[in-house]
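A.B. asks: Attaching a predicted model along with its sequence, questions to come.
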Amino acid sequence: MTLRLRLYIAAVVLLVVLAVLGVLLIRAIETSEFQPIDQQLQTAVPAVGSFGGGPFDARLRLRTHTHRPVFDNGISEFYVATVTAGRRHVLVNPLGAHGQSPQTPTVVSSPVPRHLVVTTVGSRSGSGRWRAVLIRTLDPRGELLVAVSLAQEDATVNRLRYAVLGAGLVILGVLVAAGFWVGRLGLRPIAEVTEVADAIAAGDRSRRVAEAGRGTEAAHLARAFNVMLDDQQAGEARLRQFVADASHELRTPVSVIMGIADLWRQGTLRSGEASDDAMRRVGQSGAQMAGLVEDLLLLARLDEGRSLERAPVDLVSLVHDAVLDARATNPSRRIRVESDGPVVTEGDEIALRQVVVNLITNCLRHTPSTATIDVVLSRQDDAVALEVKDSGPGMDAEGAAHAFDRFWRGETSRTRSGTGLGLPIVAGIVAAHGGRVVLDSDPEGGTDVRVLLPDSPPPH
């Protein structure tokens, strides 16, 4: 059952309930109007019985032939008549009857007031109604008919009925307007989301939900749905690019190994010198592939949110070790270290060591030999800062924006060394430690990478 159909059913049920309540209200008011009239009838019957000159009792006698209708006594609002053998002799006509008279009730009551049966009857002519009682008399062929017109009460009930009907029409109009409003602002966007989802499931990934009225839940749903689709499409694009980049990085070492294997099978690498050179190239390609695979595995573990080891790490000692290793492999490079005292943080020492190594290696790899590299350790409020900056040529704004993208190296030709995973690994490890990385680069002012990690008191 659709949501639209449920709303329609709810609206119909509401209208039925309101109609029933209106009918019950009219009936209740009508019943309350009848009570004083019935009371008047029960009070007036004794007076009517004595109208012929004798007291009203079980031996009711009416000398109807000696009396003419009376209009100026205390019961002039009543209709009084004797009924004998189906013929009616009117004794009293009520004021404002306009020639109408009540029909004869089918139930005959005993003359005892507490046994009177009052019923509602129509008019012999016209559409008026009466509350009437037919009383048995001493004459077995005659009865006494006493009635009160309900013209005033019917008018009140009719006005109430029209008021209830008008209120019902107003409520119906409000429900129709509300249904149109809800359908236009609420249900139509949901139906459009369903249609777009079906189209996407069928293969049309370009479909999007049109923006609905702002500030509504439907608009939020449409925006969230579009953002989800855009993120999914962007994620798929990144995945395809990631696979393409990884394949490209693995293609070169795999091609080298396969080429050397083919040369070996052809017998061209039988000499000692050629064989040693081939094995060296195979080892280099294998190491390149192993490093790439390790980097990919590390990124995968970081993406899964796996927890790292937590222990106090002395960043000063860690930085000094990384700088000594860099100077050993690059003795001509100027690498300086600055620290304002012990700098300790809570984290995984191996992962943080890789952060420092990646940052220094990135500077060594992408700056000329004349550029200097500065590694600065400091404390900033509730965080520790590791800053690695160089004086070489920096990146432009576009390059800085993509610096943390995986396999991005600033050149589509891929002539530079490295896999393009150094800074993404740095960002992933720092994020896993609850820190953040800030990059500031200028084509003429060098590159400055600042790592901010949670502070930890120095060990005693």
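C.D. replies: Structure's in. What do you need? Numbers count the residues shown, from 1 in each chain.
A.B. asks: distance of A11 from V438?
C.D. replies: With distances taken as C-beta to C-beta, to the nearest Å, A11 is found 58 Å from V438. The C-beta positions use only the backbone N, C-alpha and C, and glycine is treated the same way.
A.B. asks: Comparing the two, which residue is more hemmed in?
C.D. replies: Just comparing A11 and V438: by other C-beta atoms under 10 Å the higher neighbour count belongs to A11, 16 against 11.
A.B. asks: quick one: pLDDT of L95?
C.D. replies: Looking at L95, its pLDDT stands at 69.
A.B. asks: Oops, could you answer that again for I9 instead?
C.D. replies: I9 is assigned a predicted lDDT (pLDDT) of 84.
A.B. asks: What about it, how many residues nearby?
C.D. replies: Residues contacting I9 under the criterion other C-beta under 10 Å number 11.
A.B. asks: That one belongs to a helix?
C.D. replies: Yes - I9: assigned to a helix according to DSSP: H, G, I helix; E, B strand; the rest coil.
A.B. asks: distance of R88 from R131?
C.D. replies: Per C-beta to C-beta, R88 is found 18 Å from R131.
A.B. asks: Tell me which of the two has more neighbours.
C.D. replies: Using other C-beta under 10 Å as the criterion, R88 and R131 rank with R131 on top: 22 against 15.
A.B. asks: In three-state terms, label that one for me.
C.D. replies: Following three-state DSSP, R131 is assigned to strand.
A.B. asks: residues in contact with it?
C.D. replies: F34, I37, D38, L41, V118, T119, T120, A147, V148, L150 (C-beta atoms under 8 Å, 6 or more residues apart in numbering).
A.B. asks: Dump the residues you listed into a markdown table; add secondary structure and neighbour count as well.
C.D. replies: Converted to a markdown table, the contacts of R131 look like this (DSSP: H, G, I helix; E, B strand; the rest coil; neighbours: other C-beta atoms under 10 Å):
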| residue | secondary structure | neighbour count |
| --- | --- | --- |
| F34 | helix | 16 |
| I37 | helix | 20 |
| D38 | helix | 14 |
| L41 | helix | 20 |
| V118 | coil | 20 |
| T119 | strand | 15 |
| T120 | strand | 15 |
| A147 | strand | 29 |
| V148 | strand | 24 |
| L150 | coil | 24 |
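A.B. asks: what pLDDT, on average, does the lengthiest helix in the chain get?
C.D. replies: Ranked by residue count under DSSP state H, the longest helix found in the chain is helix 217-266. Helix 217-266 carries an average pLDDT of 79.
A.B. asks: on that earlier part again, and the contacts of R131, which two are furthest apart?
C.D. replies: Using C-beta to C-beta, those span at most 12.9 Å, a distance reached by F34 and A147.
A.B. asks: Pick out whichever of the contacts of R131 sits closest to P454.
C.D. replies: Using C-beta to C-beta, the contacts of R131 come closest to P454 at F34, 84.1 Å.
A.B. asks: helix/strand/coil for L364?
C.D. replies: L364 is classified as helix under three-state DSSP.
A.B. asks: My read is that it contacts N330, right?
C.D. replies: Yes - if you go by C-beta atoms under 8 Å, L364 and N330 touch, sitting 5.6 Å apart.
A.B. asks: R336 and V449, how far apart?
C.D. replies: 15 Å.
A.B. asks: oh, I was asking about N158
C.D. replies: N158 is 88 Å from V449, by C-beta to C-beta.
A.B. asks: more neighbours, those two?
C.D. replies: More crowded of N158 and V449, by other C-beta under 10 Å: V449, with 23 against 11.
A.B. asks: show me what contacts the more buried one?
C.D. replies: L359, N362, E387, V388, K389, L423, V426, V437, V438, L439, D440.
A.B. asks: ok, now with 6 Å
C.D. replies: With contact set as C-beta atoms under 6 Å, 6 or more residues apart in numbering, V449 has these partners: L359, V388, L439.
A.B. asks: Now do the helix or strand hosting it: distance to the chain's middle.
C.D. replies: Per DSSP states H and E, V449 falls inside strand 446-454. Here the centre of strand 446-454 is set off from its chain's centre by 40 Å, with C-alpha atoms, centre = their mean, to the nearest Å.
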